[in-house]
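A.B. asks: Provided below for reference: sequence and predicted model.
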Amino acid sequence: MPDWSRRTFLAATGAASASLLAGCNSVISSSPPPRVELTAEQQSADEFAFLWNPETPRTAEVREAIDATAAGDRYVTVGYPPLPEGRYVEHDGTYYRTDAVHVGRETRERYVLRLERVGDSDDSDTPEATSIDALPDPDRSAARLAYLAARAAPDEPGGEWGGAPWDAVDHGGAVYRRTDPADSELIPEPEHEFIEVEGRLVLRVHVSRERLSEPRMRAVLTPVAESEAEFTEAVLAAEVTTTFYPDQLSSETAAVLDELTGRTEYAESAPVSAGYAHVLQRLDLGDATTLPTEGDEDLPPHRRRAFEYDGSYYKVDFAATPGDEG
């Protein structure tokens, strides 16, 4: 089967989509069709208006960034964002939305941890190793990222790389940016030559000091409200993007929403019904109505939405998964 891109696939199935949205189910397939699922959780308005409490390993640094930025000062970090995107915080009676913007680049020397697969701990020729769980917190976090890259590495030079969360993997492993060497057993010189992960896999430790060109990022706080009531209204406006009015819905669409909000879960196999297609399109999940009817190619990613229905608010998780062979 050709390796079609998402755009090519949708273009090729444009005519079939019209029949699908009308509820037609004429496609016959020998493979189980994908399962299209929504899971809803009812929440009050106050639960949507959630304030971020930055209880992280770098809480003091985050609070420093908030205090400085709220006071009108520039707070800049190198290599990582000083504040996450899209969180809400309160400072001296004002409610803010957090963000960070790129303001330049800067060269820094950093320690980089990479791991190389050696073998299975059950093999007689595999060296003894330190469990990843026995490492200090900063090393354990770094080793987990480096392991993801090592697991995806080809078995032979020039081989094919496997899948990994490459957005999280850093320079083929993990980069130490905020760790005091006194709190580490791997930098500046590793105290452990081998690490064991998953209770069996042994990897060799490689630590190097490298010059990296990294982004300079400035903390941003956008004021959204001056009172708790205004804050709740602002968050609802931002998060709840779809309202379903019962008197404006078809009986098929209302039946889907009633089942979803009553049971907290609703699913159909592709091609979906007209009522379900309408719900998905209103939630900006319209590509789920044009899923292939066999295999698991081109399935859209997991996504989250929020909507209002009959005076109540709901957070929704969307997932499309391969059909059940059983």
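C.D. replies: Yep, it's here.

A.B. asks: thought Val235 was touching Phe48?
C.D. replies: Yes: taking contact to mean Cβ atoms under 8 Å, the distance of 5.3 Å between Val235 and Phe48 places them in contact. All C-beta atoms are positioned from the backbone trio N, CA, C, and that covers glycine.

A.B. asks: what about these two, which has more around it?
C.D. replies: The residue with more neighbours, out of Val235 and Phe48, is Val235; 21 against 16, by other Cβ atoms under 10 Å.

A.B. asks: model confidence over the longest strand along the chain, on average?
C.D. replies: Taking DSSP state E as the criterion, the chain has its longest strand at strand 94-120. Taken as a whole, strand 94-120 carries a mean pLDDT of 95.

A.B. asks: That one - contacts with which helices or strands?
C.D. replies: Helices and strands touching strand 94-120, by 3 or more Cβ pairs under 8 Å, 6 or more residues apart in numbering; DSSP states H and E, are helix 59-70, strand 76-78, strand 88-91, helix 137-152, strand 174-176, strand 201-225, helix 228-239.

A.B. asks: Spit out the contact partners of Tyr313.
C.D. replies: With contacts taken as Cβ atoms under 8 Å, 6 or more residues apart in numbering, Tyr313 has the following neighbours: Gln42, Gln43, Ser44, Ala45, Phe48, Leu236, Val240, Ala306, Phe307.

A.B. asks: Okay, angle between the helix or strand where it lies and helix 228-239 too, please.
C.D. replies: Assigned by DSSP states H and E, Tyr313 belongs to strand 312-321. Relative orientation of strand 312-321 with respect to helix 228-239: 30 degrees, computed using axes from the mean of the first three to the mean of the last three Cα atoms, to 10 degrees.

A.B. asks: State the paired neighbours of strand 312-321 in the sheet, together with their directions.
C.D. replies: strand 35-43 (antiparallel), strand 303-309 (antiparallel) (DSSP bridges).

A.B. asks: can you put the ones you listed in TSV and add distance to Ala142 and mean neighbour count?
C.D. replies: Putting these into TSV (distance: least, Cβ to Cβ, whole Å; neighbours: other Cβ atoms under 10 Å) gives the following:
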stretch	distance to Ala142	mean neighbour count
strand 35-43	34	18
strand 303-309	29	17
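
A.B. asks: need those in TSV with mean pLDDT and distance to Glu252, can you?
C.D. replies: Compiled in TSV, those are given as follows (pLDDT from 0 to 100; distance: least, Cβ to Cβ, whole Å):
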stretch	mean pLDDT	distance to Glu252
strand 35-43	93	15
strand 303-309	94	15
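
A.B. asks: got those strands as JSON lines, with distance to Arg108 columns?
C.D. replies: As requested, those are exported to JSON lines (distance: least, Cβ to Cβ, whole Å):
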{"stretch": "strand 35-43", "distance to Arg108": "42"}
{"stretch": "strand 303-309", "distance to Arg108": "35"}
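
A.B. asks: And those: which comes nearest Ala149?
C.D. replies: strand 303-309 (26.2 Å; Cβ to Cβ).

A.B. asks: In stretch 104-120, which of the residues would be classed as buried?
C.D. replies: Within stretch 104-120, the residues that qualify as buried by neighbour count (16 or more other Cβ atoms under 10 Å) are Arg110, Tyr111, Val112, Leu113, Arg114, Leu115, Val118, Gly119.

A.B. asks: So for Ala319, which of the strands paired with strand 312-321 sits nearest?
C.D. replies: It's strand 35-43; of the strands paired with strand 312-321, that one is closest to Ala319 (Cβ to Cβ) at 5.2 Å.
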